[in-house]
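>>> only geometry, no sequence info:
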């Protein structure tokens, strides 16, 4: 049903006149009369008794009038909310964070978004690298924060560089390399390396392999384990070294595991915002605009004065 008909009906009742209602609507009196007649046909009821000098609501018309105001108010509310959603002022957007990637950028993004867009719910979750890609593909997440690890850009995703994370090496206490101030990938190429098993990565295609391969090197991978605690234990037991972003290595609580910075090639890993190219959520565009503003501000602050 056309809401113009309902609004015309409301004005005719309130002013008891087709002429006054037509004037307020910016239409002719005959157009207002036609709209009421059309509404009566659609409803299958008579709304007015048309008297020579006045209009009078029928009992069914009176009932319709008192109830229709709630319908019109609800309609206006729903339309307003839908427009707010389209503009990104209302709704929700989900952000998945792989580990603690993103450093200080992510807290800044969360703070800015919540301050400037209080009507939009920002949902946060921690995910692993494998789960992040699947969640973005299936629409369970709108956007993710993840390390690049030299991976080619997914054809179905867009991504934006937001920063870098330092990479470190985990070694068992007493290892010949444990007292070095820093290590290079060349130092590690012949060393046994344990790394994390990820469902999204077939054997030989992990982030560690891609990182070494970027520089023409091939790591000596000896074990793949399903979780970080197991990996830390294997390093402590001397079964191999591990290469990680610094934020993840910091969660290893053992004093018998040494952390040495990586230097030179591979010492920094890019961090990206990643989202599905086919995403339709307007709130995502608002979140990305906030991210751009933070990045622009950071770039400006680093520029020489």
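That came in fine, so what should we check first? On a predicted model such as this, the values are computed, not experimentally measured, just so you know. Numbering: from 1, shown residues only.

>>> okay, CA-based contacts and neighbour counts for the rest of this
OK.

>>> Spit out the contact partners of residue 274.
143, 144, 145, 146, 157, 158, 159, 160 (C-alpha atoms under 8 Å, 6 or more residues apart in numbering).

>>> Flag the least confident of the residues you listed.
Ranked by pLDDT, the contacts of residue 274 bottom out at residue 146, which has 86.

>>> which of the contacts of residue 274 are buried?
143, 144, 145, 146, 157, 159 (16 or more other C-alpha atoms under 10 Å).

>>> Leaving out sequence neighbours, find the closest residue to the last one.
Leaving aside its chain neighbours, residue 159 sits nearest to residue 274 (4.2 Å; criterion: C-alpha to C-alpha, 6 or more residues apart in numbering).

>>> Over to the fifth one?
On the basis of C-alpha to C-alpha, 6+ apart, the spatially nearest residue to residue 157 that is not a chain neighbour turns out to be residue 276, at 4.5 Å.

>>> quick one: contacts for that neighbour?
136, 137, 139, 142, 143, 156, 157, 158.

>>> which pair in those residues spans the largest distance?
139 and 158 (14.0 Å; C-alpha to C-alpha).

>>> residues near residue 296, how many?
11 (other C-alpha atoms under 10 Å).

>>> Can you verify the residue nearest to residue 159 is assigned to a strand?
Yes - assignment of residue 274 by DSSP: H, G, I helix; E, B strand; the rest coil places it within a strand.

>>> Got the confidence number for it?
At residue 274, pLDDT is 92.

>>> go on, residue 249?
83.

>>> Also residue 61?
At residue 61, pLDDT is 93.

>>> so where is the protein shaky, pLDDT-wise?
Applying pLDDT under 70 to the chain flags residues 1, 99, 130, 149-153, 198-206, 298-305.

>>> Where is the longest helix in it?
Assignment by DSSP state H gives helix 59-86 as the longest helix of the chain.

>>> list the helices and strands that helix packs on?
Applying 3 or more C-alpha pairs under 8 Å, 6 or more residues apart in numbering; DSSP states H and E, one finds that helix 59-86 contacts helix 3-15, helix 282-302.

>>> Which stretch among those is buried most, on average?
Across the helices and strands packed on helix 59-86, the average number of neighbours (mean count of other C-alpha atoms under 10 Å) peaks for helix 3-15, which reaches a mean of 17.

>>> Beyond that helix, next helix or strand please.
helix 18-25 (DSSP states H and E).

>>> What is the burial count for residue 223?
Residue 223 has 15 nearby residues by other C-alpha under 10 Å.

>>> try the one 4 residues further on
Neighbours of residue 227 under the rule other C-alpha under 10 Å: 12.

>>> Now the residue nearest to it when sequence neighbours are not counted. Its backbone dihedrals?
Using C-alpha to C-alpha, 6+ apart and skipping the chain neighbours, the partner closest in space to residue 227 is residue 196 (6.4 Å). The phi and psi values for residue 196, taken as degrees, to the nearest 10, are phi -90, psi 140.

>>> Spit out the contact partners of residue 196.
Applying C-alpha under 8 Å, 6+ apart, the residues near residue 196 are 224, 225, 226, 227, 228, 231.

>>> Make a PyMOL selection of the buried ones in the residues you listed.
Restricted to buried positions by 16+ other C-alpha under 10 Å, the PyMOL selection for the contacts of residue 196 reads:
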select buried, resi 224+228+231
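
>>> if you look at the contacts of residue 196, which of them are in strands?
Using DSSP state E, the subset of the contacts of residue 196 located in strands is 224, 225.

>>> Which two among the contacts of residue 196 are spaced furthest apart?
Farthest pair in the contacts of residue 196, by C-alpha to C-alpha: 224 and 228, 10.6 Å.

>>> picking that back up, from the contacts of residue 274, which ones fall inside strands?
143, 144, 145, 146, 157, 158, 159, 160.

>>> Just name the closest of these to residue 218, please.
Distances from residue 218 to these, taken by C-alpha to C-alpha, are shortest for residue 146, at 23.4 Å.
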